[in-house]
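>>> Need coordinates for the following:
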Amino acid sequence: MQKIKRLRTIDCVVGGITYSADKKAVSYLHLGLYEAGLLNFVGSAPLPVAEGKRLAPLIEGIIEPPGFTGKRPGELRGQFGKVISEWNPLLPSIVAEVQYDHFTGGRFRHGARFLRWRPDKEASLCTVIQVAS
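Coordinates of the predicted model:
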């Protein structure tokens, strides 16, 4: 008997970030999908340390409210029941492809995993319809 898991990926807008404790790297990406014109928070993905250090200086110019225009981090309980309290909003211009296991109730269950950046994709094309298909 073999267990076969389908690899599910999705392109999400990075609507916010959380810095590492020393503020020299980005530790988490806060991801969003558009629905009815609003960018809703759908979950977070940890960023590998090397990628987080590379990203930190590049995003300084786009840390700006509101980040999410619909549901925001902190309104939903995150993984293991934690509430995201300290995060920095970003202009919705960066798209990341992430791997996820399950999506219900408008968010990722069991977290997501960063795969790659998508500079070729417009942020406005990252809609919740991707999950339905």
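>>> Nearest the geometric middle of this structure, what residue?
Leu31 (1.9 Å; CA atoms, centre = their mean).
>>> Identify the residues contacting it.
Leu31 makes contacts with 12-15, 41-45, 96, 98, 108, 112, as judged by CB atoms under 8 Å, 6 or more residues apart in numbering. Using the backbone N, CA and C atoms, a C-beta is placed for each residue, glycine as well.
>>> how would you label the residue lying closest to Ile10 once chain neighbours are set aside: helix, strand or coil?
In space, and not counting its chain neighbours, Ile10 is closest to Gln130: 5.2 Å by CB to CB, 6 or more residues apart in numbering. With DSSP: H, G, I helix; E, B strand; the rest coil as the basis, Gln130 sits in helix.
>>> residue boundaries of the helices in the protein?
49-58, 129-132 (DSSP state H).
>>> Comparing these, which comes out most buried?
helix 49-58 (a mean of 14; mean count of other CB atoms under 10 Å).
>>> tell me what that helix is packed against?
strand 26-35 (3 or more CB pairs under 8 Å, 6 or more residues apart in numbering; DSSP states H and E).
>>> Which residues belonging to the strand it packs on are considered buried?
Neighbour-count burial for strand 26-35, counted by 16 or more other CB atoms under 10 Å, picks out 26-34.
>>> do stretch 106-125 as well
Neighbour-count burial for stretch 106-125 flags 106-108, 111-112, 114, 118, 123 (criterion: 16+ other CB under 10 Å).
>>> Could you do stretch 55-71 as well?
So, applying 16+ other CB under 10 Å, buried residues of stretch 55-71: 55-56, 59, 62, 67-68, 70-71.
>>> now the end-to-end length of that stretch.
25 Å (CA to CA, to the nearest Å).
>>> one step back: mean pLDDT lowest where, among the helices of the chain?
Of all these, the minimum mean pLDDT falls on helix 129-132 (a mean of 84).
>>> What are the neighbouring residues in contact with the residue nearest to Pro48 when sequence neighbours are not counted?
The shortest distance from Pro48 to any non-neighbouring residue, by CB to CB, 6+ apart, is to Phe114 (7.1 Å). By CB under 8 Å, 6+ apart, Phe114 lies in contact with 29, 45-48, 51, 96, 98.
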